[in-house]
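Asker: everything below, folded, please.
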Amino acid sequence: MMNVAGKKNIVVGTAYFVLTLGLGMFLMKMLQGQDPLWMDSPVRKMLAGVHLHGSLEALINILFGYLIYRFGARMPLVSNIASWLLIGGLLHSGSAYLAGIGMTAVKTVAPFGAVSLIAGIVLMLPVLVKGVDSEYSDSA
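Answerer: Residues are numbered from 1 along each chain as shown. Sure thing, here's the model as predicted:
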């Protein structure tokens, strides 16, 4: 039986990935203008970091969402907690994204997103061990 908890990670991760791709296209357009003020701008540097981290966090959500969906049925509570923590990890780059567009007070949330992401990944270890183990024991 497959677990449905990871579906939200796949959907949210895909939507966030599209958002970061849009940010990347915006950054490329701005770089083509060669405006020296923009090139040295701390906002550009922050948004470039958001593009990188946000894309990675989105892909982590998509990957681990699939793994929760595939192997999380043996530990549904832990899978669900890991799922929500992984989504909470988007606060890490998401708060910097909002700070880059002028909402600077939101930066204080970034550490919570980082801790949430790490905790979600750590919680995936027992989910995967138990889920993959049961997958092999069922086929044997």
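
Asker: from here on, contacts and neighbour counts on C-alpha atoms
Answerer: Fine.

Asker: which residue ranges of this protein form helices?
Answerer: When secondary structure is read from DSSP state H, the chain shows helices at 7-32, 36-39, 42-71, 76-88, 90-100, 110-139.

Asker: got a markdown table for the ones you listed, with mean neighbour count and mean pLDDT too?
Answerer: Below are the helices of the chain laid out as a markdown table (neighbours: other CA atoms under 10 Å; pLDDT from 0 to 100):
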| stretch | mean neighbour count | mean pLDDT |
| --- | --- | --- |
| helix 7-32 | 17 | 94 |
| helix 36-39 | 12 | 85 |
| helix 42-71 | 21 | 93 |
| helix 76-88 | 22 | 95 |
| helix 90-100 | 23 | 90 |
| helix 110-139 | 16 | 87 |
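
Asker: over to residue 41: give its phi and psi.
Answerer: Summarising the backbone geometry of residue 41 under the convention degrees, to the nearest 10, its torsions are phi -70, psi 130.

Asker: please determine how far it is located from residue 19.
Answerer: With the distance defined as CA to CA, to the nearest Å, residue 41 ends up 21 Å from residue 19.

Asker: so the spatially closest residue to residue 43 that is not a sequence neighbour versus residue 15, what's the distance?
Answerer: Distances taken as CA to CA, 6 or more residues apart in numbering put residue 100 closest to residue 43, at 5.5 Å, once the chain neighbours are dropped. For residue 100, the distance to residue 15 under the criterion CA to CA works out to 19 Å.

Asker: is it correct that residue 64 is in contact with residue 7?
Answerer: No - with contacts counted by CA atoms under 8 Å, residue 64 stays clear of residue 7, the gap being 9.9 Å.

Asker: what lies in contact with stretch 121-132?
Answerer: The contact list for stretch 121-132, computed with CA atoms under 8 Å, 6 or more residues apart in numbering, reads 64, 67-68, 71-75, 78-79, 82, 86.
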